[in-house]
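Novice: Next comes the sequence, and after it the predicted model I'd like to discuss.
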Amino acid sequence: MRNGEIAAALDELGTLYELDGAVRYRVLAYREAARVIRSHPVSVEELARQGKLTELPGVGDTIEAKVLALVDEGSLPQAEKLKQKFPPTLIEATRIPGLGAKTVRRFYDELGIADLEGLEAAARQGKLSDLKGFGEKAEKNLLAEIERLGDEGPTVRVLLSDALEAAEELAEALRELPEADRVEIAGSARRLAETCKDVDLIATASDPSALAEALQSHPLVAQAGRGGDAAARAVTHTGLAIDLRISPPEAYGNLLQHFTGSAEHNVQLRERALAAGLSVSELGIANLTEEGKRSDDAELFATEEEVYEKLGMAYVEPELREGRGELEAARKGKLPKLVREEDMRGDLHCHTTLSDGHDTIDEMAAAARERGYEYLALTDHSASHGFGNHVTDEMLEARIEEVRAWNKGKRGFRLLAGSEVNILPDGSLDYPDELLAELGWVIASVHTAFRISEKKMTERVITAIENPLVDCIGHLTGRLILRREPYDIDVEAVAEAAARTGTMLEINGNPNRRDLSEHHVRLAVDAGVRIVANTDAHRVRTLGNMRYGIATARRAWLTKRDVANTRGWREFSKLRKRAKR
DNA sequence: GCCGTTTTCGGCCCGACTGTTTTCAGTCG
């Protein structure tokens, strides 16, 4: 059973307990365990079978036993029992914004409402406002939410690249105003997460309303409203929600820290501060009174650095603020010095017009040099790609000659004649060995036959890893964020094989892929695998996707040293498998 | 239900907003 399925079952059980009136913290415990399990890089089912699941933070004996029951029986007995008591459609109803378990439970108990249709009908007939504490306005709002849900479906997350495109344009427009002082992107976009639900902008300004008005009248914005004196909200034409908050300059650090999150990071930060007698919020850091209440002497900070310093910690880079041990490391001064995009010396995965790329060798090479690289591997697709633009053996031979000629007389930069070869279902590659041996760089990727068992897929990829001609595995799990699940593969076993053979694993920087994920990157590095950050660029512009590959590397706590292609050519070339032959 | 350089029991972040209420509960981020 996949970690995501286990997490979903625990989330559901949490909601069922909530409907059943359990204490809040029990429900929160299930949510937290689900969150940790969802993003855990290796099989939670296996951890549970080994009795090691309680090593995960937020998982104790009870939840470990529940997970074991779940993977053995396919469902949770407690959940099944509670589903006898509450129709499953009640859980659906709790997903309506503004409607929680408490309210849904009352509708069920007092009005017998068990599903969305019943809820909508009752609201239309004005029956809900008969309930104590639930008036006409609440009824109207609820009806509007149900209708909106029907029209648009639930609000979906967008890719980081889409969120950043809008966020950066809006932030830039606001910065240009004479009334603006500082404008920064906060939230999940600043943490460079894979997806964003909305965009948070934080600003200081001599005249806050000038910024709010500029946001409202920006061409990207479809609708907008004010949120008090120091805030504005907007929705772009693509449906992305924008929240702008304007801070007095002296509290800018507090506000930026708060709205950068993540929620887990902030919760842990505040719990830690509380133990030291301090109460942290976006309104400043206050001492605790004798009764343990927040006193009104809150101290304000203009920068985030000062916020963390006040709490006895080193500054935490936004990409690390996910509640994964960064606060402990910050307190001990043991945070890693994260790799930066400027550290990169080469890109080892791109396409040209030879296969399905849009730009020529010359154009790609010029762009790579402009980015300050020392090398670029041309890795057009191989002969059995299946999407047209096949590169036959003869074409690849010609490419090798072309690159040889191109490199002649050039100093400080080199092209590598390479290929992105297919890993066929039996683990073999689709060029003959003699041809592959002539290449300067070989990436092997799975592009076909995704739906095979985990065991077969793992064996298939490990066969390619054990091939001495393969330098690197491309986009290992094949996922497309928000669009396609990763295929079934044992990443732990793959990482072990890659470390053993000196085969590198790629972080593919295409914002749709970011594959390896940050969790798998961490696992691979801990297993001793060399990581390369590549773009898989199909045109000059997408060489810029390196920023997303590096974002994933940073979120995996990687340093410059952990990423092989931060090295100059001389050093990097020695890391290739062939250098050890 | 989880967790412990203040605890193995008694705690468990903080504030805004909303709608309904004279002091608060529920929901959200």
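Specialist: Good, I have the coordinates.
Novice: Pull the number of nearby residues for the residue in the stretch 1-150 of chain A that DNA strand B sits nearest to.
Specialist: At 1.8 Å from DNA strand B, residue A:135 is the closest residue in the stretch 1-150 of chain A, using C-beta to the nearest atom of the strand. Heads up, the C-betas are built off the backbone N, CA and C, glycines and all. Burial of residue A:135 is recorded as 11 neighbouring residues (other C-beta atoms under 10 Å).
Novice: try residue A:5
Specialist: Residue A:5, neighbours per other C-beta under 10 Å, totals 16.
Novice: gap between the strand or helix carrying it and the chain center?
Specialist: Element membership of residue A:5, judged by DSSP states H and E, is helix A:3-19. In terms of C-alpha atoms, centre = their mean, to the nearest Å, the centre of helix A:3-19 is set 22 Å apart from its chain centre.
Novice: likewise stretch A:432-443?
Specialist: Counting by C-alpha atoms, centre = their mean, stretch A:432-443 is centred 34 Å from the centre of its parent chain.
Novice: And the contacts of that stretch?
Specialist: Here stretch A:432-443 makes contact (C-beta atoms under 8 Å, 6 or more residues apart in numbering) with A:348-349, A:377, A:379, A:393, A:396-397, A:400, A:403, A:416-421, A:429, A:469-474, A:506, A:534, A:576.
Novice: filter those residues to the buried ones?
Specialist: A:348-349, A:377, A:379, A:396, A:400, A:403, A:416-421, A:429, A:469-474, A:506, A:534, A:576 (16 or more other C-beta atoms under 10 Å).
Novice: Tell me the residue in chain A that is farthest from the middle.
Specialist: Most distant from the centre of chain A: residue A:130, at 44.3 Å, with distances by C-alpha atoms, centre = their mean.
Novice: Report the separation between that residue and residue A:136.
Specialist: According to C-beta to C-beta, to the nearest Å, residue A:130 and residue A:136 sit 11 Å apart.
Novice: Same question for residue A:86.
Specialist: Separation of residue A:86 from residue A:136 (C-beta to C-beta) stands at 27 Å.
Novice: In terms of neighbours, single out the busier of those two.
Specialist: Neighbour count, other C-beta under 10 Å: between residue A:86 and residue A:136, residue A:86 has more, with 18 against 10.
Novice: Can you tell me the closest non-neighbouring residue to that one?
Specialist: residue A:19 (5.2 Å; C-beta to C-beta, 6 or more residues apart in numbering).
Novice: Return the distance of stretch A:186-200 from the chain's centre.
Specialist: Distance, centroid of stretch A:186-200 to centroid of chain: 9 Å (C-alpha atoms, centre = their mean).
Novice: okay, how far is it across that stretch, tip to tip?
Specialist: Taking C-alpha to C-alpha, to the nearest Å, the first and last residues of stretch A:186-200 lie 5 Å apart.
Novice: Pull the helix or strand where residue A:462 lies out as PDB, backbone CA atoms only.
Specialist: When elements are defined using DSSP H and E, residue A:462 is found to belong to helix A:454-465. Extracted C-alpha coordinates of helix A:454-465, given in PDB (Å, rounded to 0.1, in the frame of the first residue of the first chain):
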ATOM      1  CA  GLU A 454       7.100  -2.400  -8.600                       C
ATOM      2  CA  LYS A 455       9.400  -5.500  -8.600                       C
ATOM      3  CA  LYS A 456       9.700  -5.500 -12.400                       C
ATOM      4  CA  MET A 457      10.200  -1.700 -12.600                       C
ATOM      5  CA  THR A 458      12.800  -1.800  -9.900                       C
ATOM      6  CA  GLU A 459      14.700  -4.700 -11.600                       C
ATOM      7  CA  ARG A 460      14.400  -2.900 -15.000                       C
ATOM      8  CA  VAL A 461      16.000   0.300 -13.700                       C
ATOM      9  CA  ILE A 462      18.700  -1.500 -11.700                       C
ATOM     10  CA  THR A 463      19.600  -3.500 -14.800                       C
ATOM     11  CA  ALA A 464      20.200  -0.100 -16.600                       C
ATOM     12  CA  ILE A 465      22.100   1.200 -13.500                       C
END
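Novice: On the C-terminal side of the helix holding residue A:5, identify the next helix or strand.
Specialist: Sequence-wise, the next helix or strand beyond helix A:3-19 is helix A:24-38, with elements assigned using DSSP H and E.
Novice: Starting from that next one, tell me the next helix or strand along the chain.
Specialist: For helix A:24-38, the following helix or strand on the C-terminal side (DSSP H and E) is helix A:44-49.
Novice: And that following helix, what does it pack against?
Specialist: When contacts are defined as 3 or more C-beta pairs under 8 Å, 6 or more residues apart in numbering; DSSP states H and E, helix A:44-49 packs onto helix A:3-19, helix A:61-73.
Novice: Would you mind listing the buried residues in the shortest one?
Specialist: For helix A:61-73, the buried set under the neighbour-count rule, 16+ other C-beta under 10 Å, comprises A:63-64, A:66-67, A:70-71.
Novice: what does the first one give?
Specialist: Using 16+ other C-beta under 10 Å as the test for burial, helix A:3-19 gives A:3, A:5-7, A:9-19.
Novice: got the contact list for it?
Specialist: Residues contacting helix A:3-19 (C-beta under 8 Å, 6+ apart): A:26-31, A:33-35, A:37-38, A:40, A:43-45, A:63, A:66-67, A:70-71, A:75-76, A:78-79, A:82-83, A:86, A:90-91, A:94, A:100-102, A:104-105, A:108.
Novice: Residue A:220 - nearest residue in space that isn't next to it in sequence?
Specialist: In space, residue A:220 is closest to residue A:236, 4.9 Å off (C-beta to C-beta, 6+ apart).
Novice: One more: residue A:299?
Specialist: residue A:285 (5.1 Å).
Novice: With residue A:134 instead?
Specialist: Among residues not flanking residue A:134 along the chain, residue A:128 sits closest, at 5.7 Å (C-beta to C-beta, 6+ apart).
Novice: wait, doesn't that neighbour sit right on residue A:141?
Specialist: No. Look at residue A:128 against residue A:141 with C-beta atoms under 8 Å: they stay out of range, at 10.6 Å.
Novice: Distance-wise, check the residue nearest to residue A:86 relative to residue A:100.
Specialist: 10 Å.
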